[in-house]
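Chemist: Would you be able to build a 3D model of this:
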Amino acid sequence: MPDQEKRYFFTILLTDKYLQSSLVSNNGQGIQIQEFSEIKTYFDRQDLLTQLDKSLQQLGPDSQDIVETIFVFDYAWLENGELSDLKKPIVKEISEELSLDALGQISIPEALAEARLIGDENDSCLLLVFKEDSFDLIFLKHGQFLDLITVGRSGNVVDDFTEVLARAAKHLDQEGKYFPNKVLLTSIALKPKAMESLHEQLVKVDWTSNPGFAQAPTIVILEADYMIKSASLSAGKIFTKEAFLAKMPQVEFVAKSAPMNPTITTRPTAPSQEVHNPNDYAIEKPSVSSFGINLKQDYLTKKDNLATPSSTKQTLDIDKGAKTRRSSLVRFYLAHKKTILLGFATGLLALLIIASIFAFFISKVKIVLTPEEALLQKSVLVTLDPNLEDSDFSKALLKASLHSKEISGQDVAATTGIGLVGDKAKGKVLVYNKTLQEAELKQGTIISSNGIDFLLDSTIKIPAAVEKEEGDEKVRSYGKIETTVTAKDIGAEANFNKDTKFRVADYFDDQFAAVALDNFSGGSSREVRVVAEIDQNKLLENLSKKLVEEANREFEQESGNGTYFVPTGKTKIIKNSYSSKVGDEAETVTLDLTLQVMAVQYLAADLKKLALDILAADLPTNYSFTSQDPSLMTDEAKIASNSSRVTFNADLSAKAAANLNLEELKQTVLGKSWVEAKESLENSDEIKEVQIIFNPPFLINILRNLPSDQDRVSLELDK
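Modeler: The predicted model follows:
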């Protein structure tokens with residue numbers, strides 16, 4: 001049977017021809033892959049069921065009762081982030097036939113990118129995911145998933161890679177100007193030999209000739225099971241919070257799994273924590289000045305009000321009745337004086353005998369002792385570190401966990417850029433070939449005049465020049481052809497007049513020349529408001545700040561009941577979509593932004609243990625801490641750069657009381673004068689106060705000594 005403290009689930013990786021599955025466990029502290037199957041090939045829907053069933057059977061006995069499943073699909077299976085209508089019946093059939101409970105889905109590129117960033121939140125790489133007839137480029141840079149591009153495979157991987165780099169550079173503009181120097185290759189479809197062949201072709205090329213690479217990139221083939229491991233790690237994040245809730249005591253806290261490296265190494269399971277009563281200690285919410293543990297409140301019991309006397313009339317009636325009864329008693333006493341006196345004496349003697357027996361043989365004495373107390377205080381630098389495997393209380397290092405919150409918002413800003421819009425001038429030219437060979441000028445060849453460039457609208461072939469002898473001289477007739485040209489840029493300055501002369505490309509005038517056959521027209525331009533890069537950057541900065549503040553408020557509201565969050569100020573952009581690109585004509589630009597905001601999560605119980613462990617070094621001999629919670633006042637938390645460690649200066653204080661051996665102390669007072677016994681106990685350095693209580697109380701005026709019978713003497717500590 002699976003470990004009941006862990007939550008198990010399947011991760012199923014699916015493409016159009018291949019599948020692989022894994023059994024994953026989450027113990028609230030981290031994700032662990034228990035087993036993963038071989039890569040299976042299938043041919044149709046029925047074969048898909050057969051092969052997937054075989055794949056799941058390879059996951060071992062722990063998988064028999066598991067139904068919860070996260071599907072990781074080929075990107076082509078999704079439309080707008082959701083499973084396409086064409087694929088929904090397939091997944092439904094899989095779930096019903098194999099009794100799987102589909103809880104979530106993610107695309108393969110997103111899963112691989114997520115796994116990379118779990119391992120290194122600032123990772124930069126180009127990840128190539130090869131299929132049989134295409135491959136995906138996942139572009140990660142400084143911890144951001146910048147782009148996903150799919151390119152068909154032509155048979156020449158170098159040309160294909162060059163093409164996808166060009167697309168990325170064009171699509172991402174400035175962000176794609178420089179590429180990461182790490183290129184990773186992986187595939188579920190290709191065999192190891194095929195991957196090695198692709199690798200060999202890529203490493204032979206000098207990629208520094210590409211302006212996007214500042215240095216030769218490192219090109220690496222990832223392990224064969226990298227995709228299923230990465231998919232399992234990414235899928236496991238779905239269960240982290242819920243699983244930890246199920247594992248931890250209700251009164252303690254809710255935690256989140258710590259980040260893991262994509263090589264799927266895991267941490268050992270944290271020891272289970274003792275369940276405390278909710279009233280054992282109280283924790284205040286962390287703020288700028290305090291993260292700490294408050295002392296309990298003392299509650300004072302109000303004395304009941306004394307009853308008010310009865311009315312005057314009632315008092316008078318009672319007095320009158322008393323007088324009447326007194327008169328009757330006097331007459332009765334005079335008539336039975338001897339009998340009454342004898343009975344009284346006999347009764348008094350009996351009471352004295354009973355009192356003596358009770359005093360010497362039955363009465364009990366309770367001695368209440370108040371131990372001496374010591375107040376321990378210390379100032380320390382406390383560190384909350386999500387990367388610790390275990391807390392080290394002696395060094396003030398407290399294991400914490402990272403908790404993330406995704407928060408979305410929208411903002412709009414006016415544009416500040418100025419751009420030119422308009423039309424390009426067009427015209428007809430006559431191109432001369434002054435050479436003795438036929439010449440071809442490609443479409444797009446530049447002809448220029450006065451610094452303004454025009455482009456040939458089509459490819460032209462110009463006849464060669466012809467030389468004829470006329471007398472003693474040779475006369476050359478130039479080859480020529482008419483064609484049309486279009487200005488390279490917009491603007492009215494390109495509206496040239498007829499007979500304007502042009503230089504053809506970089507040729508000298510004795511080789512080629514061109515002249516305008518008529519007036520050029522159509523060129524115009526005007527200034528408009530456009531989106532500037534600074535507009536987008538400022539909008540991103542302002543909206544990010546708002547979302548972080550909103551997330552921090554939510555973290556503060558969620559703090560309490562033994563679990564607390566400290567914002568780290570670290571964020572990751574999950575999605576940012578601008579309404580217009582840089583250079584687009586627009587009066588305003590809108591940004592839709594989704595941020596992942598990180599916080600450090602810690603337990604009040606752990607903080608209490610840390611405080612007591614640090615103060616224990618100063619604990620006097622034969623003293624122990626009282627049940628009262630320690631007090632902890634802190635300065636404002638500081639976030640370590642390039643990490644998620646949180647540090648703060650803390651003033652710790654706690655009360656300790658002397659340990660009293662009540663049984664030994666009892667033996668020292670049995671049979672002694674209670675006055676002497678009290679003085680002896682009060683002279684002890686470990687006893688602050690002594691209270692002796694007789695039962696019944698009046699015996700304190702009769703008895704000089706405490707009982708010698710230890711069963712009649714009890715010692716208790718003052719609570």
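Chemist: C-alpha only now, for contacts and for neighbours.
Modeler: Fine.
Chemist: Any regions of the protein where pLDDT drops low?
Modeler: 1-5, 28, 238-338, 350, 352-363, 632-637, 640-643, 696, 698-702, 719 (pLDDT under 70).
Chemist: in it, which helix has the most residues?
Modeler: Longest helix of the chain, by residue count under DSSP state H: helix 533-558.
Chemist: Spatially central residue for the protein, please.
Modeler: residue 404 (2.4 Å; CA atoms, centre = their mean).
Chemist: Kindly state the domain boundaries assigned to the protein.
Modeler: For the chain, automatic domain parsing gives the domain ranges 7-110+228-240, 112-224, 312-353, 419-529.
Chemist: any idea which of those is most buried?
Modeler: Among those, domain 7-110+228-240 has the highest mean neighbour count (mean count of other CA atoms under 10 Å), at a mean of 19.
Chemist: How far does it sit from its chain's centre?
Modeler: 24 Å (CA atoms, centre = their mean, to the nearest Å).
Chemist: again, but for stretch 527-543
Modeler: For stretch 527-543, the separation from the chain centroid amounts to 29 Å (computed by CA atoms, centre = their mean).
Chemist: Could you list the residues in contact with it?
Modeler: Residues outside stretch 527-543 that contact it (CA atoms under 8 Å, 6 or more residues apart in numbering): 409-421, 578, 580-589, 591, 593.
Chemist: Please identify the buried residues of it?
Modeler: If you call a residue buried by 16 or more other CA atoms under 10 Å, then stretch 527-543 has these buried ones: 529, 530, 531, 532, 535, 536, 539, 540, 543.
Chemist: Backbone dihedrals for the nearest residue to the second one once chain neighbours are set aside, both of them.
Modeler: If I follow you right, that is residue 530. Take residue 530 and drop its neighbours on the chain: the residue closest to it by CA to CA, 6 or more residues apart in numbering is residue 585, 4.2 Å away. Per-residue torsions, residue 585: phi -70, psi 120 (degrees, to the nearest 10).
Chemist: dump the residue contacts of residue 585.
Modeler: By CA under 8 Å, 6+ apart, residue 585 lies in contact with 419, 528, 529, 530, 531.
Chemist: what pairs with the second one across the strands?
Modeler: Note on residue 528: beta-bridge partners residue 419, judged by DSSP bridges.
Chemist: Make JSON lines out of the buried residues of stretch 527-543 and add distance to residue 570.
Modeler: Shown next, in JSON lines, are the buried residues of stretch 527-543 (distance: CA to CA, whole Å):
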{"residue": "529", "distance to residue 570": "34"}
{"residue": "530", "distance to residue 570": "32"}
{"residue": "531", "distance to residue 570": "28"}
{"residue": "532", "distance to residue 570": "27"}
{"residue": "535", "distance to residue 570": "23"}
{"residue": "536", "distance to residue 570": "20"}
{"residue": "539", "distance to residue 570": "18"}
{"residue": "540", "distance to residue 570": "15"}
{"residue": "543", "distance to residue 570": "15"}
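Chemist: Quick check: the farthest pair among those residues?
Modeler: 529 and 543 (22.1 Å; CA to CA).
Chemist: returning to what we had before: now, which of the contacts of stretch 527-543 lie within strands?
Modeler: Residues of the contacts of stretch 527-543 located in strands (DSSP state E): 409-414, 417-421, 578, 588-589, 591, 593.
Chemist: From those residues, list the buried ones, please.
Modeler: The neighbour-count test (16+ other CA under 10 Å) marks 410, 411, 412, 417, 419, 421, 578, 588, 589, 591, 593 as buried among the ones in strands among the contacts of stretch 527-543.
Chemist: Just name the closest of these to residue 30, please.
Modeler: Checking these against residue 30 by CA to CA gives residue 593 as the nearest, at 28.8 Å.
Chemist: Just give the closest residue to the closest one, not the sequence neighbours.
Modeler: Using CA to CA, 6+ apart, the nearest residue to residue 593 is residue 576, at 4.5 Å.
Chemist: close enough to count as contact, residue 412 and residue 589?
Modeler: Yes - the pair residue 412 / residue 589 is scored as a contact, 5.7 Å apart, by CA atoms under 8 Å.
Chemist: What's the end-to-end length of stretch 581-594?
Modeler: Using CA to CA, to the nearest Å, one end of stretch 581-594 lies 18 Å from the other.
Chemist: how far is that stretch from where the chain is centred?
Modeler: Worked out by CA atoms, centre = their mean, stretch 581-594 lies 29 Å from the chain centre.
Chemist: who's residue 401 bridged to?
Modeler: residue 601.
Chemist: Now do the contacts for the residue nearest to the centre of the chain.
Modeler: For residue 404, the contacting residues are 596, 597, 598, 599, by CA under 8 Å, 6+ apart.
Chemist: can you rerun that using 6 Å?
Modeler: Shown in contact with residue 404 (CA atoms under 6 Å, 6 or more residues apart in numbering): 597, 598.
Chemist: Give me the distance between it and residue 589.
Modeler: 29 Å.
Chemist: in a strand, that's where residue 611 is, yeah?
Modeler: No - using DSSP: H, G, I helix; E, B strand; the rest coil, the assignment for residue 611 is helix, not a strand.
Chemist: how much space between the nearest residue to it once chain neighbours are set aside and residue 210?
Modeler: Nearest non-adjacent residue to residue 611, counting by CA to CA, 6+ apart: residue 652, 6.4 Å away. Using CA to CA, we find residue 652 at a distance of 60 Å from residue 210.
Chemist: how far is the longest helix of the chain from where the chain is centred?
Modeler: Using CA atoms, centre = their mean, the offset of helix 533-558 from its chain centre is 16 Å.
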